[in-house]
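Student: One predicted model, sequence on top.
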Amino acid sequence: SYISFFFLIIRRPPRSTPMTMPVEEVIPAQAIVKTSISNELISISLTNLGGKIESSTLKEYNDAAGSKGKPLVLMPEEISAAGQTTLAASGLTNNVLYQLVEATPTKAIYAYQTPGGIKIEKEYTLEPGHYDLELKVTIYNVSQNVVTDSLTYSTVQDFTSKESSNYVFSGPIYYTGADLEEVALDDAAKNTKSEGAVKWTGITEKYFMMVTAPEDGKAAGAKLSTVGGNDKVIRISMDTDAFTLTPGTAKAFSSRIYVGPKLASLMKPVGLELEAALNYGWFDAIARPLLALLNLLYGLVGNYGIAILILTAMIKGVFWPLSAKSYSSMAKMKELQPKVQALKEKYSKDTKRLNEEMAHLYKTYKVNPLSGCLPMLVQIPVFFALYRVLLYSIELRHAPFVFWLQDLSAPDPYYITPVVMGASMFIQQKMAPTAGTSEGQMKFMLYGMPILFTWLFKDFPAGLVVYWLMNNVLSIIQQAFQTKRAAKAKAA
């Protein structure tokens, strides 16, 4: 727009730094050269084609559970990449061959000079004990002209061979400083842009991510596009603010590139709010303390499956009084059903009188029709928060439980726990009061719901099924206790 163009003109560009010594001319590279940098956690493969990260191998994470697992490779696809940098106005693209100036086990320096006299130097540095590495980009103006440009960082991911899921998001993300935006692949293919500035951009999977974050926490905005017209190959980019270089000056940009697990304890120390990528949805504020408690329990018992059982029991214990009140209310409603039905038959043609009589009936017997539902509504946020924790937390990845369950993040290979969970749901429905439900509804709740949930849960992570099964078992115990208690009170 004209207004944006006006502000671009009047805004003072970032200051450049005068070069204190002559800059050596870069000898053009003649062939593709690959190198790597590594520490005890990660090995990063680099190429001089674009001076980019080609792939990364996580030494402490395997691609499969058990002895068959090999170190996990992120970005194994040929076209996937991180650390891409371009200068649109200066004609610097991702397809140029950089000169590998220096290579050590933890550092790699690339350089390239455009025909127009703009030299770019890219320095990757990986420190011990880190999944994040520093990318320092220095731009030198060795021409005789004033140059105005902006630096673009890009990450590319090929999703062609990636399995899609209705439950877990995989795709491009960006963080505005207030909100985490997850962009569906269909929307990314439409050249979507962020509405404002961003703090970082990247690609996320269920348990891992690749994110580029400027160290000053500033980028003009995020842009998404396809690569080569392929809707499954997505590029997410962000631009720095425009800068101006007069002849003989230079400007440096520093950023962090995180290529690793979505683990808050590793991302938070980076200091660029990368932990915002851990998205637990609407119940995030509840999910994070639950995850912390789960990890605490794991530290005590050494088994995430047992930790899930204990955590489920603790939550059930906290909500036991509310559940008891709900069961008691539903039982009273069931006792009143004959009287309610009689009123419906008597005043079937007088709705106003029926409502008055029903209200009088509930008041006489001190029953609130909603009291059976309200205690359950209070528990829903906690229930869904824990559901998200068990679905997304990398702590459960390849975590063994007992016997055949050697990976709590994968579905039960023999479908034992989903079937037992379905059976427990049948027992639970069989014991539950059925006040106010028709015969058709009763049959669906008794038979349809267990079958439906068994079918859905057969593909869910085993850890999630274990949680649901344990919750059902505890609910059955509580219902049996409540029924026995009510029978004794009635007999007395």
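Tutor: The structure has been received and is ready for your questions. Residues are numbered from 1 along each chain as shown.
Student: neighbouring contacts of stretch 459-472?
Tutor: 167, 304-305, 308-309, 311-313, 316, 386-387, 390-391, 396, 399, 401, 405, 407-412, 417-418, 420-421, 424-425, 427-428, 457 (CB atoms under 8 Å, 6 or more residues apart in numbering). Quick note: C-beta positions are derived from backbone N, CA and C, even for glycine.
Student: Filter those down to just the buried residues.
Tutor: Among these, those buried by neighbour count (16 or more other CB atoms under 10 Å) are 304-305, 308-309, 311-312, 316, 386-387, 390-391, 396, 399, 401, 405, 407-412, 417-418, 420-421, 424-425, 427-428, 457.
Student: so where do the helices sit in this structure?
Tutor: Counting by DSSP state H, the chain has helices at residues 2-10, 185-188, 264-267, 284-301, 304-318, 320-346, 351-364, 374-392, 416-431, 439-443, 449-457, 462-491.
Student: To residue 44, which of these lies closest?
Tutor: Of all the helices of the chain, helix 264-267 sits nearest to residue 44, with 15.7 Å by CB to CB.
Student: Just the CA coordinates for the closest one, please, in PDB.
Tutor: Extracted in PDB, the C-alpha atoms of helix 264-267 (Å, rounded to 0.1, in the frame of the first residue of the first chain):
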ATOM      1  CA  ALA A 264      11.000 -27.600  27.400                       C
ATOM      2  CA  SER A 265      14.100 -28.300  29.500                       C
ATOM      3  CA  LEU A 266      16.200 -28.100  26.300                       C
ATOM      4  CA  MET A 267      14.400 -25.300  24.500                       C
END
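Student: what residues does that helix touch?
Tutor: 131, 258, 260, 274-275, 277-278.
Student: Return the set of buried residues in it.
Tutor: 264, 266-267.
Student: from those residues, which is closest to residue 222?
Tutor: Closest to residue 222, out of all of those and judged by CB to CB, is residue 267, at 18.9 Å.
Student: Show me where this protein dips below the pLDDT cut-off.
Tutor: Low-confidence segments of the chain (pLDDT under 70): 1-25, 327, 331, 368-376, 432-442, 486, 489-492.
Student: Now for residue 255, how many residues are close by?
Tutor: By other CB atoms under 10 Å, the residues close to residue 255 number 25.
Student: Tell me the bridge partners for it.
Tutor: Note on residue 255: beta-bridge partners by DSSP bridges are residue 135, residue 214.
Student: Touching, it and residue 218? I think so.
Tutor: No: using CB atoms under 8 Å, residue 255 is not in contact with residue 218; the gap is 10.6 Å.
Student: Contact partners for the nearest residue to residue 50 once chain neighbours are set aside?
Tutor: Leaving out its chain neighbours, the residue that sits closest to residue 50 by CB to CB, 6 or more residues apart in numbering is residue 94, at 4.2 Å. Going by CB under 8 Å, 6+ apart, residue 94 touches 50, 52, 81, 84, 86, 154.
Student: and what of residue 147?
Tutor: Contacts of residue 147 (CB under 8 Å, 6+ apart): 89-90, 116, 118, 141, 244-245.
Student: Could you give the bridge partners of it?
Tutor: Here residue 147 sits in beta bridges with residue 245, going by DSSP bridges.
Student: Could you dump the helices of the chain into TSV and include distance to residue 236?
Tutor: Formatted as TSV, the helices of the chain follow (distance: least, CB to CB, whole Å):
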stretch	distance to residue 236
helix 2-10	22
helix 185-188	7
helix 264-267	18
helix 284-301	23
helix 304-318	33
helix 320-346	44
helix 351-364	57
helix 374-392	21
helix 416-431	37
helix 439-443	47
helix 449-457	32
helix 462-491	30
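Student: To residue 59, which of those lies closest?
Tutor: helix 264-267 (13.7 Å).
Student: follow-up on the earlier one: can you say which two of the contacts of helix 264-267 are spatially most distant?
Tutor: Taking CB to CB as the measure, the contacts of helix 264-267 span a maximum distance of 14.6 Å, between 131 and 278.
Student: Near residue 124, how many other residues are there?
Tutor: 23.
Student: Okay, and the beta partners of it?
Tutor: Note on residue 124: beta-bridge partners residue 108, residue 135, judged by DSSP bridges.
Student: need the contact list for it.
Tutor: So, once contact is read as CB under 8 Å, 6+ apart, residue 124 ends up touching 37, 44, 46, 53, 83, 107-109, 133-135.
Student: same deal with residue 155?
Tutor: Counting by CB under 8 Å, 6+ apart, residue 155 touches 81-84, 172, 201-203, 210-212, 235-237.
Student: Between the helices of the chain, which one is closest to residue 61.
Tutor: Comparing these against residue 61 with CB to CB, the closest turns out to be helix 264-267 (11.7 Å).
Student: Correct me if wrong: residue 320 contacts residue 478.
Tutor: Yes: here residue 320 lies in contact with residue 478, judged by CB under 8 Å, at a distance of 6.7 Å.
Student: more crowded one of these two?
Tutor: residue 478 (18 against 13).
Student: what about the closest residue in space to that one that isn't next to it in sequence, how many neighbours?
Tutor: Of all residues not flanking residue 478 in the chain, residue 323 sits nearest, at 5.9 Å (CB to CB, 6+ apart). Using other CB under 10 Å, residue 323 has 19 neighbouring residues.
Student: ditto for the one 10 residues further on
Tutor: Residue 333: 21 surrounding residues under other CB under 10 Å.
Student: Looks like residue 240 contacts residue 137 (just checking).
Tutor: No: with contacts defined as CB under 8 Å, residue 240 does not count as touching residue 137, sitting 9.4 Å away.
Student: Give me the common contacts of the two.
Tutor: Here residue 240 and residue 137 have 151, 253 as joint contacts, going by CB under 8 Å, 6+ apart.
Student: Counting neighbours, what do you get for residue 365?
Tutor: Residue 365 - counted by other CB under 10 Å - has 12 other residues nearby.
Student: which ones are touching the closest residue to residue 95 other than its chain neighbours?
Tutor: Spatial nearest neighbour of residue 95, chain neighbours left out: residue 50 (6.5 Å); criterion: CB to CB, 6+ apart. Contact partners of residue 50, counting by CB under 8 Å, 6+ apart, are 81, 84, 93-96, 98.
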